[in-house]
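>>> could you look at this predicted model? Sequence included:
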Amino acid sequence: MSMRTPQVEPDPTLPPEITIYEVGARDGLQNEKTVVPADVKAEFIRRLAAAGLVTIETTSFVNPQWVPQLADAAEVLTLLGDEGRGPRRPVLVPNERGLDRALEAGVGAVAIFGSATETFARKNLNRTVDESIDMFAPVVERAREAGLWVRAYISMCFGDPWEGPVPVEQVARVAERLMELGCDQLSIGDTIGVATSGHVTRLLEALGHKQIGVERIGVHFHDTYGQALSNTLVALRHGVTVVDSSAGGLGGCPYAESATGNLATEDLVWAMTGAGVRTGVDLESLLSTSAWMAAQLGRPSPSAVVRALTPAAD
């Protein structure tokens, strides 16, 4: 019996095509208690690419003391060779030291990781929001001079576990300052998964007022409260076409204990396929990749679609 697929009924309110920005290999694996060997990480990235995922964030050049799960960043990129380079294989860099290591490894794209709130900036970067932007300025400038594509993540956009609600205007101001550094794309992150549809609309409108148009925005929703896919659909209906997701729903945030996994790439692909939106991803191939990685990690995948379509994942 062939794999079940969704009945296709095109949804004219959605864009005809989206770009999936796959974060499983970096954001997913950095939160696992098990340290995955470099060769398994490289194989995971190869399998994701073979499934049709064009943009894959591969690793992070952060201090290994902070994120020991990604201490093998250079080794993973060496194993990938040319497959780990180019503008579609971004790596996270927290500072100039991280950028130096990324440039040594020959990457073609980098991402910086800012915060909309002071408490999280302190916990994650050990700096105030202002100090973190000062730290990122030379990173972005040097990356651009080296011809790299640059993304800015902004976390805690919809709520913070220490500060509670985060004013929309505060997020828009920080986003504007990050983009003024010269970044190509902004990813707005719901780090603890508390966003709801009206809040997503309000933030996208506020970013528009700061001249950050939907063509430069990606959305990064977590599924802590089961809202990641519904929030994504709201963003897509507002013209966003870049969606961050994680194969098998891996990942959360090591500095925010209430954060569960990212939006699962399979759940996103199932929804888009049924709505007639092109993703370029082969769902069956992606499912087998996520089932394989779940086996490497020794636990079932949190993705609803993986669980529904892979009996062995139960």
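Looks like it came in fine.

>>> tell me the SS of the closest residue to residue 95 other than its chain neighbours?
The shortest distance from residue 95 to any non-neighbouring residue, by CB to CB, 6 or more residues apart in numbering, is to residue 135 (5.6 Å). No exception for glycine: its C-beta is placed from N, CA and C like everyone else's. Three states are possible here, and by DSSP: H, G, I helix; E, B strand; the rest coil the one that applies to residue 135 is helix.

>>> residue 135 touches residue 126, doesn't it?
No. With contacts defined as CB atoms under 8 Å, residue 135 does not count as touching residue 126, sitting 10.0 Å away.

>>> who's more crowded, those two?
Set side by side, residue 135 and residue 126 show unequal neighbour counts under other CB atoms under 10 Å, the larger going to residue 135 at 17 against 11.

>>> surely residue 245 meets residue 20?
Yes. Under the criterion of CB under 8 Å, residue 245 lies in contact with residue 20, with a separation of 5.8 Å.

>>> shared neighbours, those two?
265, 268 (CB atoms under 8 Å, 6 or more residues apart in numbering).

>>> so for residue 71, what pLDDT did the model give?
What the model reports as pLDDT for residue 71 is 95.

>>> what's the nearest residue to it if we skip its chain neighbours?
The spatial neighbour of residue 71 that comes closest, neighbours along the chain excluded (CB to CB, 6+ apart), is residue 64 at 3.5 Å.

>>> what about the helices in this structure?
Counting by DSSP state H, the chain has helices at residues 38-50, 73-80, 96-104, 118-125, 129-145, 168-180, 197-209, 228-237, 265-274, 283-297, 304-309.

>>> okay, the third one in PDB with CA atoms only?
Put plainly, it is helix 96-104. As requested, C-alpha coordinates have been extracted for helix 96-104 and formatted as PDB (Å, rounded to 0.1, in the frame of the first residue of the first chain):
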ATOM      1  CA  GLU A  96      33.600  37.800  15.200                       C
ATOM      2  CA  ARG A  97      35.400  34.800  16.600                       C
ATOM      3  CA  GLY A  98      32.600  32.600  15.300                       C
ATOM      4  CA  LEU A  99      32.700  34.400  11.900                       C
ATOM      5  CA  ASP A 100      36.500  33.800  11.700                       C
ATOM      6  CA  ARG A 101      35.900  30.000  12.100                       C
ATOM      7  CA  ALA A 102      33.000  30.100   9.600                       C
ATOM      8  CA  LEU A 103      35.100  31.900   7.000                       C
ATOM      9  CA  GLU A 104      38.000  29.400   7.600                       C
END
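
>>> what is that helix packed up against?
helix 73-80, helix 129-145 (3 or more CB pairs under 8 Å, 6 or more residues apart in numbering; DSSP states H and E).

>>> for the second one, same thing?
Packed against helix 73-80, as judged by 3+ CB pairs under 8 Å, 6+ apart, are the following elements: helix 38-50, strand 59-60, helix 96-104.

>>> tell me the buried residues in the longest one?
Spelled out, that is helix 38-50. The neighbour-count criterion (16 or more other CB atoms under 10 Å) identifies 38, 41-49 as the buried residues of helix 38-50.
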